[in-house]
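J.: build me a model from this:
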Amino acid sequence: MTATTLTTLLLALGIGTSLTFISSHWLLAWMGLEISTLAILPLMAQQHHPRAVEAATKYFLIQATAAAVLLFASTTNAWISGHWDIQQTSHPLPLTMITLALALKIGLAPLHSWQPEVLQGLELSTGVIMATWQKLAPFAILTQIQHPNPLLLTTLGIASIFVGGWGGLNQTQLRKVLGYSSIAHLGWMILVLQYSHPLAFLALLLYIVMTYATFMLFMLKKVTCVKTLFALGAKNPILMTLMPFLLMSLASLPPLTGFLAKLLILKELAKQGLAPTAAMAVMGTLLSAFFYVRLSIATTLTLAPNITTGTAPWRLSSSRLTLPLSISSMLAITLLPLTPALIALLTY
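T.: Numbers count the residues shown, from 1 in each chain. From the prediction side, this is the model:
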């Protein structure tokens, strides 16, 4: 793919998401979602490999289905109420259809099964876009609409937390693990979305930082499955040391950054009198923590056979750009002390 084509597609991705962000009209928001979808499809299929083409086809069909349901629901709402304003959508039937369509777009359980399979067929550079940037536009619409039925979002959130944790237990492919990790983290965001929009966006931004850092580390050493983690220590001891911190941050263990979002969400749920819901969410997170610990053990406590008599691979210079990895890793690990400042920013 030429640089001009790549620049055009990335620009279209940004324009589509920005259009959805600034739109208050259903038709314009739908157009922004479609621009983003059409822009990422050539990036998915650029390998010309059957697995990549299959992933791009699946993604296109799922996103087209969700977009069709979203357009039908918004048209139904305009027919019933007489206006296209997103924030004034009030009829229960269109609202339920819109919520389910957006849940399908971002991969919430039980509409999640496409996400790990699609992510597995992509390059890491394209997978990080799908796992992070493509969540922003549907999430922005979810924050604008009113949710008359809290049970729907609560059910989607709890189901996503448990499905994301349970589905990642027996995976050997790291892209599938990150796909199920995305489902579990989105469940936490949806759980608190109806009570605090700023807190849900903070959780989304922290998830993007942690996932981007993990993808960047995998890209740097071309790691795609669990067995390749065994040799990471021989190739780069620094990255071997960094990997468990990123994984434990994704597992939301203190004192790392991932614990910040879960702590604030649990506090908000307790404030709303939803202690049983918070307890179920914590129990579901234990499943996710198990496979993160499994990956950490594979990275740090398991050594690959080493019969090389020449220069150690970690002594060789690398020409890859590591500044984005350094910045994102620092943010993914060390933001917990800034909790008072972030809380003050949320309540400003």
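J.: distance from the chain centre to stretch 132-150, please.
T.: 14 Å (Cα atoms, centre = their mean, to the nearest Å).
J.: pull out the buried residues from it.
T.: Within stretch 132-150, the residues that qualify as buried are 132-142, 144-145, 147, counting by 16 or more other Cβ atoms under 10 Å. All C-beta atoms are positioned from the backbone trio N, CA, C, and that covers glycine.
J.: tell me the first helix or strand C-terminal of the lengthiest helix in the chain.
T.: Assignment by DSSP state H gives helix 50-81 as the longest helix of the chain. Downstream of helix 50-81, the first helix or strand assigned by DSSP states H and E is helix 92-106.
J.: what's that following helix in contact with?
T.: Contacts with helix 92-106, where a contact means Cβ atoms under 8 Å, 6 or more residues apart in numbering, come from 33, 62-63, 65-67, 69-70, 72-74, 76-77, 80, 89, 111, 134-135, 138-139, 141-142, 145-149, 152-153, 156, 186, 190.
J.: any idea of the mean pLDDT in the helix or strand residue 279 falls within?
T.: Counting by DSSP H and E, the element that carries residue 279 is helix 275-300. Mean pLDDT, computed over helix 275-300, is 88.
J.: likewise for stretch 105-116?
T.: Average pLDDT, stretch 105-116: 90.
J.: flag every buried residue along it.
T.: 105-109, 111-112, 114-116.
J.: keep only those of those that are in strands.
T.: Of the buried residues of stretch 105-116, none are assigned to strands by DSSP state E.
J.: can you lay out those as TSV showing distance to residue 283?
T.: Formatted as TSV, those follow (distance: Cβ to Cβ, whole Å):
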residue	distance to residue 283
105	27
106	23
107	22
108	19
109	16
111	22
112	19
114	26
115	22
116	22
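J.: out of the residues you listed, which sit inside helices?
T.: Per DSSP H, helices hold the following members of these: 105-106, 114-116.
J.: got the angle between the helix or strand hosting residue 138 and helix 50-81?
T.: Assigned by DSSP H and E, residue 138 falls within helix 136-144. Using axes from the mean of the first three to the mean of the last three Cα atoms, to 10 degrees, one finds that helix 136-144 and helix 50-81 are set 30 degrees apart in direction.
J.: I'd like to know which elements helix 136-144 is packed against.
T.: The contact analysis (3 or more Cβ pairs under 8 Å, 6 or more residues apart in numbering; DSSP states H and E) places helix 136-144 against helix 3-22, helix 26-44, helix 92-106, helix 174-193, helix 197-221.
J.: OK, contacts around the residue lying closest to residue 64 once chain neighbours are set aside?
T.: With sequence-adjacent residues excluded and distances taken as Cβ to Cβ, 6 or more residues apart in numbering, residue 64 is closest to residue 37, at 7.8 Å. By Cβ under 8 Å, 6+ apart, the residues touching residue 37 are 16, 59-60, 63-64, 67.
J.: re earlier: got TSV for the ones in helices among the buried residues of stretch 105-116, with distance to residue 222 too?
T.: Formatted as TSV, those follow (distance: Cβ to Cβ, whole Å):
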residue	distance to residue 222
105	30
106	28
114	25
115	23
116	20
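J.: what's the farthest-apart pair in the residues you listed?
T.: Maximum pairwise distance among these (Cβ to Cβ): 15.6 Å, between 105 and 116.
J.: alpha carbons of stretch 91-105, as CSV, please.
T.: What follows is stretch 91-105, C-alpha atoms only, in CSV (Å, rounded to 0.1, in the frame of the first residue of the first chain):
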residue,chain,number,x,y,z
HIS,A,91,-39.4,6.1,22.2
PRO,A,92,-38.5,2.7,23.9
LEU,A,93,-38.5,0.6,20.7
PRO,A,94,-36.1,2.7,18.7
LEU,A,95,-33.9,3.2,21.7
THR,A,96,-33.6,-0.5,22.3
MET,A,97,-32.8,-1.2,18.7
ILE,A,98,-30.2,1.6,18.6
THR,A,99,-28.5,0.3,21.8
LEU,A,100,-28.4,-3.3,20.4
ALA,A,101,-27.0,-2.0,17.0
LEU,A,102,-24.3,0.0,18.7
ALA,A,103,-23.5,-3.0,21.0
LEU,A,104,-23.1,-5.1,17.9
LYS,A,105,-20.7,-2.5,16.4
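J.: report the buried residues of it.
T.: Neighbour-count burial for stretch 91-105 [16+ other Cβ under 10 Å]: 94-95, 97-105.
J.: what about the closest residue in space to residue 184 that isn't next to it in sequence, how many residues nearby?
T.: Leaving aside its sequence neighbours, residue 184 sits nearest to residue 164 (Cβ to Cβ, 6+ apart; 2.7 Å). Each residue near residue 164 was counted by other Cβ atoms under 10 Å, and the total is 29.
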